[in-house]
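>>> this one's sequence-less:
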Ligand SMILES: Cc1cc2nc3c(=O)[nH]c(=O)nc-3n(C[C@H](O)[C@H](O)[C@H](O)COP(=O)(O)O)c2cc1C
């Protein structure tokens, strides 16, 4: 707020050519969010991405909690929190084993998720016909239950990104602007 104290003096020095300041011009206002990061991983790559994304979210002032394995009941208990699914694909387009109970409960229970907002980071290998199918399946299930996706789904081709965290980092900065 020092600039506001100095404004009359500076304005005089520069012949009154400094534009008037709004009292809140030097205060950045953005809201902080609680995010639940739900992880699907067999070999660890998606877990590394989740850890990295969680620390970037926290550096930006948000609250990030990693759920691995995730419980649908626990996620439903915080409908105001934003859900971020970070999952790979295994088998022939399958959701990783640790995320299967969550996906199965969503498919069976079909909860009303009209107030839930979510994002998806999908890891996969483009040489499979079922590229990123795990992430696509979670995306479809959440949308079918009425949840609203924020931004586009990120699909990381691990054959093109030796360090998937780098692709996630580039994406999360834009995505954070959408949740602020
Ligand atoms: C046995 C096996 C099956 C896979 N099946 C698919 C697939 O169907 N679609 C796809 O996009 N990627 C597939 N992948 C690639 C993985 O999704 C990719 O390696 C990912 O980085 C693994 O992440 P994770 O370590 O978090 O499990 C498969 C990988 C393995 C080892």
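In hand now; what should we look at? These figures come from a predicted structure and were not determined experimentally.

>>> ok, residue 35 - contacts?
Under the criterion of C-beta atoms under 8 Å, 6 or more residues apart in numbering, the contact list for residue 35 reads 57, 62-65, 81-84, 179. C-betas here are computed from N, CA, C, even on glycine.

>>> Quick check: residues of the chain near the ligand?
Counting by C-beta under 6 Å from any ligand atom, the residues of the chain close to the ligand are 41-46, 88-93, 96, 123-125, 128, 130-133, 158.

>>> try 5 Å
41-46, 88-90, 93, 123-125, 128, 130-132, 158 (C-beta under 5 Å from any ligand atom).

>>> from those residues, which ones fall inside helices?
Among these, the members falling in helices (DSSP state H) are 45-46.

>>> with the contacts of residue 35 in mind, which one is nearest to the ligand?
Distances from those to the ligand were compared by C-beta to the nearest ligand atom; the smallest belongs to residue 84, at 14.8 Å.

>>> Which stretches in this protein count as strands?
With DSSP state E, the ranges of strands along the chain come out as 34-40, 63-67, 82-87, 117-124, 148-149, 154-157.

>>> could you redo those as CSV and give each row mean pLDDT?
As requested, those are exported to CSV (pLDDT from 0 to 100):
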stretch, mean pLDDT
strand 34-40, 98
strand 63-67, 98
strand 82-87, 98
strand 117-124, 98
strand 148-149, 98
strand 154-157, 98
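
>>> Out of those strands, which one sits most buried?
Ranked by mean neighbour count, those are led by strand 82-87 with a mean of 28 (mean count of other C-beta atoms under 10 Å).

>>> in its sheet, what does it sit against?
Within its sheet, strand 82-87 is paired with strand 34-40 (parallel), strand 117-124 (parallel), according to DSSP bridges.

>>> contacts for it?
With contacts defined as C-beta under 8 Å, 6+ apart, strand 82-87 is touched by 33-41, 46, 49-50, 53, 75, 95-96, 99, 116-123, 134-135, 138-139, 142, 147, 150, 168, 179.

>>> Could you measure from the residue most central in space within the chain over to residue 151?
Of all residues in the chain, the one closest to the mean position by C-alpha atoms, centre = their mean is residue 84, 4.6 Å from it. For residue 84, the distance to residue 151 under the criterion C-beta to C-beta, to the nearest Å works out to 11 Å.

>>> so how far is the ligand from residue 114?
In this view, residue 114 and the ligand are 30 Å apart by C-beta to the nearest ligand atom, to the nearest Å.

>>> show me the contacts for that residue.
Residue 114 is in contact with 146-147, counting by C-beta under 8 Å, 6+ apart.
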